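*Asks:* The sequence and its predicted three-dimensional model are supplied below.
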Amino acid sequence: MVIGKIIGTVVCTRKDDRLIPFKLLIVQPLDQENKPYGNYLVAVDTVDAGARERVLVVSGSSARMTTVTKDCPVDAAIVGVVDMIDFI
């Protein structure tokens with residue numbers, strides 16, 4: 001899992017029919033100090049996340065295990081909007 005921030009959207013005029021109902025969002029991974037790191041991810045939005053929100057992203061086979069992405073050609077899915085992070 002990755003925590004990241006939504007920084008943009010991807011618009012596709014043509015895509016697989018199974019992806020038609022989904023928004024595709026660009027996510028910048030964040031480190032423990034909320035600083036950007038690594039490469040951007042394009043993720044399917046399963047929770048109606050909004051611009052600049054912090055989100056929880058799963059990738060690989062986990063991205064295809066949500067109720068809405070089952071059997072869809074996705075490699076990354078937004079599965080939560082982060083309200084708070086508490087390090088102990």
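*Replies:* Right, received. Where do you want to start? Quick caveat, the model's predicted, so the values are computed rather than measured. Residues are numbered from 1 along each chain as shown.
*Asks:* Longest strand in the chain, please.
*Replies:* Looking only at the chain and at elements set by DSSP state E, the strand with the highest residue count is strand 2-10.
*Asks:* quick one: average pLDDT of stretch 22-34?
*Replies:* Throughout stretch 22-34, pLDDT has a mean value of 95.
*Asks:* Return the set of buried residues in that stretch.
*Replies:* Across stretch 22-34, burial judged by 16 or more other CB atoms under 10 Å covers 22-25, 27-30. All C-beta atoms are positioned from the backbone trio N, CA, C, and that covers glycine.
*Asks:* Ends of it, what's the gap?
*Replies:* With CA to CA, to the nearest Å as the measure, the ends of stretch 22-34 fall 27 Å from one another.
*Asks:* now swap in stretch 6-25 and tell me
*Replies:* Terminal residues of stretch 6-25 are spaced 7 Å apart (CA to CA).
*Asks:* who's in contact with that stretch?
*Replies:* By CB atoms under 8 Å, 6 or more residues apart in numbering, the residues outside stretch 6-25 that reach it are 26-28, 40, 42-46, 49-53, 55, 68-69, 71-74, 78.
*Asks:* who's in contact with the residue nearest in space to the middle of the chain?
*Replies:* The chain has residue 78 as the residue nearest its centroid, 3.2 Å off, counting by CA atoms, centre = their mean. By CB under 8 Å, 6+ apart, residue 78 lies in contact with 6, 25, 27, 43-47, 49, 55-57.
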